[in-house]
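Trainee: next comes the sequence, and after it the predicted model I'd like to discuss.
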Amino acid sequence: MQVSDEHLRGRTVIAADGQTIGEVAALFIDTSTWIIVALQIKLSKSVAEQLGAARGLLRAATLDLPVRMVQSVGDAVLLSVPTPELRQTLPDAAERNEEKS
């Protein structure tokens, strides 16, 4: 099945624990292979706060999610990981892990 990026953008994204985390904002494509490598997710305010994701004053927090974490795509995008595990995909996750050590 083929789906255009127009049809994916705006779809609801649901984590493995059933929590709606946001919606698809963009796709990232590797131009050497023409394969989608990640989805940019516009996080809901509550999930952004739960994960500690940075957001701007007038801009929602986003998360670049590797496609390996996507279980299926239908009316919604279902993830194979629960919400708390998404924290490791945040840009500053490595810095937080270093601070804990």
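Mentor: Looks like it arrived, so ask away. The model shown is predicted, which means the values in this text are computed figures rather than measured ones.

Trainee: quick check: the gap between Arg68 and Asp17.
Mentor: As for Arg68, its distance to Asp17 is 18 Å (criterion: C-beta to C-beta, to the nearest Å). Every C-beta, even on glycine, is put in place using the N, C-alpha and C of the backbone.

Trainee: who's more crowded, the two?
Mentor: Asp17 (12 against 9; other C-beta atoms under 10 Å).

Trainee: just confirm that one contacts Thr83, I think it does.
Mentor: Yes: assessed by C-beta atoms under 8 Å, Asp17 is found in contact with Thr83 at 5.6 Å.

Trainee: show the pLDDT at Ala93.
Mentor: Per-residue confidence (pLDDT) for Ala93: 48.

Trainee: also Gly74?
Mentor: 89.

Trainee: now Leu43
Mentor: For Leu43, the predicted pLDDT is 93.

Trainee: ditto for Asn97
Mentor: What the model reports as pLDDT for Asn97 is 43.

Trainee: Val24 now?
Mentor: In this model, Val24 is scored at 96, pLDDT.

Trainee: and it, how close does it get to Asp64?
Mentor: Val24 is 12 Å from Asp64, by C-beta to C-beta.

Trainee: skipping adjacent residues, who's closest to Lys42 in space?
Mentor: Leaving out its chain neighbours, the residue that sits closest to Lys42 by C-beta to C-beta, 6 or more residues apart in numbering is Ala25, at 4.2 Å.

Trainee: for Asp30, same thing?
Mentor: Closest to Asp30 by C-beta to C-beta, 6+ apart is Val37, at 5.0 Å.

Trainee: thought Asp64 was touching that neighbour, still the case?
Mentor: No: if you go by C-beta under 8 Å, Val37 and Asp64 don't touch, sitting 9.3 Å apart.

Trainee: what sits in contact with each of Val24 and Asp64?
Mentor: 39-41 (C-beta atoms under 8 Å, 6 or more residues apart in numbering).
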